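# predicted model and sequence follow; I will ask about them next.
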Amino acid sequence: MITQLNPSIPVYVTSKDTTGECIGWLDYSKEDDLLWIVALDTTGEVWIEPNKNIRLLPNYSIGRIGGKDGNKSKAD
């Protein structure tokens, strides 16, 4: 299943060490990783990345604060 995201989600891609915008998801089944379709900010390239390589960026309005990978929240 392909899902287009509107609006896109700002993310950090660990395998590329850069940020980008997730514009969609590919979900083949419950036995496969969710795949993120990401347009990179640095080069404009579009890559498909597995779930393990994606981190959400900080979002202060919902309390997700921290470093560039967004892993730290107010609850920590």
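That came in fine, so what should we check first?
# quick one, what contacts the residue nearest the centre of the chain?
With distances taken as C-alpha atoms, centre = their mean, the residue of the chain nearest its centroid is residue 11 (3.7 Å). Going by C-beta atoms under 8 Å, 6 or more residues apart in numbering, residue 11 touches 19, 20, 21, 22, 36, 38, 54, 55, 56, 57. Backbone N, C-alpha and C define where each C-beta goes, glycine included.
# what strand or helix carries it?
Assigned by DSSP states H and E, residue 11 belongs to strand 2-13.
# show me what counts as buried in that strand.
Residues 9, 10, 11, 12, 13 are the ones in strand 2-13 that count as buried (16 or more other C-beta atoms under 10 Å).
# of these, closest to residue 48?
Distance to residue 48 across those (C-beta to C-beta) is lowest for residue 13, with 10.8 Å.
# tell me, what's the model's pLDDT at the closest one?
Reported pLDDT at residue 13 in the predicted model: 96.
# before we move on, what about residue 3?
Per-residue pLDDT puts residue 3 at 94.
# tell me how far it lies from residue 26.
8 Å (C-beta to C-beta, to the nearest Å).
# what about the protein, any weak spots by pLDDT?
66-76 (pLDDT under 70).
# hey, where'd the helices end up in it?
Along the chain, no segments are classed as helices by DSSP state H.
# burial of residue 19, as a residue count?
By other C-beta atoms under 10 Å, 17 other residues sit near residue 19.
# going forward, begin numbering at 41 instead of 1
Noted, 41 is the first residue going forward, which turns the last one into residue 59.
# contact partners for it?
Residues in contact with residue 59 (C-beta under 8 Å, 6+ apart) are 50, 51, 52, 53, 80, 81, 82, 97, 108.
# what is the nearest of those residues to residue 70?
Residue 70 lies nearest to residue 51 out of the contacts of residue 59, by C-beta to C-beta, at 22.3 Å.
# run through the bridge partners of that closest one.
As for beta bridges, residue 51 partners with residue 60, residue 96 under DSSP bridges.
# how distant is the strand holding residue 51 from the center of its chain?
Averaged C-alpha coordinates place strand 42-53 at 7 Å from its chain's average position (C-alpha atoms, centre = their mean, to the nearest Å).
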